[in-house]
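>>> requesting a structural model of the entry that follows:
(one chain, ligands or ions: 1)
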Amino acid sequence: MYFKQFLDERCGCASYLVASRVTHEAAVIDPALDIAPYADLLRQRDFRLRYVIDTHVHADHVSGARALAAATGAELCLHAGANVAYPFRPLHDGEDLPLGTLRLHVLHTPGHRPELISILIVNPERSPEPSMVLTGDSLLVGDVGRPDFGGGDPAAQYDSITRLLRLPDWVAVFPGHFEGPCGKGMCGRPSTTIGFERLFNPLLRLERPEFVANLSETVPARPLNLTAIESTNRGVADLPWAMLTTTTSIPEIEVDELARLGPDVAVLDVREPSEFAQGHVPGALNVPQADLASRLADVPRDRPLALICQAGARSLRAAQFLAQAGFRDLVSVRGGTGAWIAAGRPVERDATGEPAVAVVETEWAHAGGHTVSA
Ligand SMILES: [Fe+2]
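Numbers count the residues shown, from 1 in each chain. Next up is the predicted model:
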């Protein structure tokens with residue numbers, strides 16, 4: 001067999017090409033938007049692409065699956081339950097996809113998203129047992145996928161992870177992410193084993209109620225442009241530019257300077273509505289980063305913009321996206337609303353200002369590839 005992992009530093013995603021060296025049939029799993037690396041490899045190795053599989057409808061990055069399938073004539077495959085607006089081959093739990101001398105065995109492992117599948121790779125010439133599992137955003141290295149990306153379910157995630165943990169210890173785990181916003185505490189390694197995760201993944205030591213509580217009670221902020229990206233991947237919108245691909249240098253200002261600028265700048269608060277309701281700079285406009293690309297028409301264009309979040313990382317990245325989208329005169333407020341409040345500045349609050357769930361402030365900081373506290 002042939003197996004290659006592709007790591008995308010911009011979005012923390014992992015994608016895979018697996019092929020039979022005997023028949024030269026290949027499958028690509030979770031391709032990135034730039035399909036050139038897969039096309040190049042297929043050509044160099046003289047592989048024929050038979051399947052393009054998205055393990056789920058992604059909400060944090062735009063998939064290249066449709067483009068790759070169209071360019072190669074491969075079958076585009078998703079779980080039968082995927083709610084998308086384009087034709088695909090529906091996959092079912094327990095199904096085997098033959099790939100030359102190999103078998104791709106489909107496991108339905110919902111939780112992060114309802115349609116998420118994991119794929120066991122079996123090479124019968126070596127063993128009747130699977131040697132690898134591609135887990136999408138179910139089991140991650142040191143973590144599991146978040147359930148708040150659209151239709152997810154912490155209890156389903158517990159059941160899916162429990163099912164994966166019944167695999168033998170030696171099975172190598174290759175996830176859909178090695179970093180990025182799809183988890184809360186990924187280790188950073190691009191692969192692991194079932195045995196190691198069973199022993200050392202902190203979430204897998206929890207009983208079901210604690211596991212569900214952990215995934216339900218504190219959720220990180222939804223990632224930048226989630227709404228536009230998920231709609232694009234479902235085929236109901238065409239907004240591939242919603243992915244942040246350029247890392248523009250954005251000036252940062254202190255909260256004192258923001259106070260001095262007054263109404264000369266429009267303050268755009270990119271936190272979740274629950275955070276905004278708890279306290280924000282007076283007069284600020286709330287467009288959560290997850291909805292920014294979908295709501296560009298709501299972003300003022302008549303004045304310079306000061307972007308603000310809780311501690312300064314989300315606003316920086318949102319400003320980079322607005323710069324990519326053609327906005328000028330952008331600054332980001334260093335230290336965010338936390339610094340504004342700490343400086344004793346006035347805040348506005350909604351009357352109902354208690355959030356339903358606490359928002360964790362660890363987030364994916366910028367396209368350069370670090371996870372920082374924000
Ligand atoms: Fe995902």
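
>>> quick one, helices of the stretch 201-350 of the chain?
Under the criterion DSSP state H, counting those that start in this stretch, helices of the stretch 201-350 of the chain are mapped to 208-217, 226-234, 255-261, 273-278, 313-324, 336-342.

>>> export those to JSON lines and tack on mean pLDDT and mean neighbour count?
To be clear about C-beta, it is placed using only N, CA and C from the backbone, and glycine gets the same treatment. Formatted as JSON lines, those follow (pLDDT from 0 to 100; neighbours: other C-beta atoms under 10 Å):
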{"stretch": "helix 208-217", "mean pLDDT": "93", "mean neighbour count": "15"}
{"stretch": "helix 226-234", "mean pLDDT": "97", "mean neighbour count": "23"}
{"stretch": "helix 255-261", "mean pLDDT": "95", "mean neighbour count": "15"}
{"stretch": "helix 273-278", "mean pLDDT": "93", "mean neighbour count": "20"}
{"stretch": "helix 313-324", "mean pLDDT": "96", "mean neighbour count": "24"}
{"stretch": "helix 336-342", "mean pLDDT": "97", "mean neighbour count": "20"}
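
>>> please name the nearest non-neighbouring residue to Ser63.
Distances taken as C-beta to C-beta, 6 or more residues apart in numbering place Asn233 nearest to Ser63, at 5.1 Å, with adjacent residues excluded.

>>> how about the helices of the stretch 201-350 of the chain, which one is nearest the ion?
helix 226-234 (9.5 Å; C-beta to the ion).

>>> picking that back up, output the helices of the stretch 201-350 of the chain in TSV; the columns should cover distance to the ion.
Shown next, in TSV, are those (distance: least, C-beta to the ion, whole Å):
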stretch	distance to the ion
helix 208-217	14
helix 226-234	10
helix 255-261	35
helix 273-278	22
helix 313-324	18
helix 336-342	26
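
>>> tell me, how many residues neighbour the residue in the chain that the ion sits nearest to?
The nearest approach of the chain to the ion comes at Asp137, 3.8 Å away (C-beta to the ion). A total of 32 residues lie near Asp137 under the criterion other C-beta atoms under 10 Å.

>>> nearest residue to it in space, ignoring adjacent ones along the chain?
Using C-beta to C-beta, 6+ apart, the closest residue to Asp137 is Gly145 (3.2 Å).

>>> could you count how many residues lie near that neighbour?
When neighbours are counted by other C-beta under 10 Å, Gly145 registers 30.

>>> likewise Asp54?
By other C-beta under 10 Å, 29 other residues sit near Asp54.

>>> my guess is it meets Leu78, correct?
Yes - the criterion here is C-beta atoms under 8 Å, and Asp54 meets it with Leu78 at 5.3 Å.

>>> contact residues of the chain facing the ion?
Selection of the chain residues close to the ion by C-beta under 5 Å from the ion yields 137, 182.

>>> give me the low-pLDDT residue ranges for the chain?
Applying pLDDT under 70 to the chain picks out residues 218, 351-374.

>>> can you list the domains in it?
Following automatic domain parsing, one gets these domains for the chain: 2-220, 226-373.

>>> pick the most deeply packed of those.
Of all those, domain 2-220 carries the top mean neighbour count, a mean of 20, counting by mean count of other C-beta atoms under 10 Å.

>>> end to end on that domain, go ahead and measure it.
For domain 2-220, the first-to-last residue distance is 37 Å (C-alpha to C-alpha, to the nearest Å).

>>> who's in contact with Ser131?
Shown in contact with Ser131 (C-beta atoms under 8 Å, 6 or more residues apart in numbering): 121-123, 170-172.

>>> follow-up on the earlier one: right, and the residue nearest to Ser63 touches Thr55 too?
No - using C-beta under 8 Å, Asn233 makes no contact with Thr55, being 11.9 Å away.

>>> can you name the farthest residue from the center of the protein?
Most distant residue from the mean C-alpha position of the chain: Arg260, 37.4 Å away (C-alpha atoms, centre = their mean).

>>> and the closest residue to Met186 other than its chain neighbours, how far from Gly12?
Take Met186 and drop its neighbours on the chain: the residue closest to it by C-beta to C-beta, 6+ apart is Asp143, 4.6 Å away. Taking C-beta to C-beta, to the nearest Å as the measure, Asp143 falls 12 Å from Gly12.

>>> now swap in Gly145 and tell me
12 Å.

>>> between the two, which contacts overlap?
With C-beta under 8 Å, 6+ apart, Gly145 and Gly12 have common neighbours 177, 182.

>>> tell me how far the ends of stretch 238-251 are from each other?
Start-to-end, stretch 238-251 (C-alpha to C-alpha) is 31 Å.

>>> so how far is that stretch from its chain's centroid?
Distance, stretch centre to chain centre, for stretch 238-251: 15 Å (C-alpha atoms, centre = their mean, to the nearest Å).
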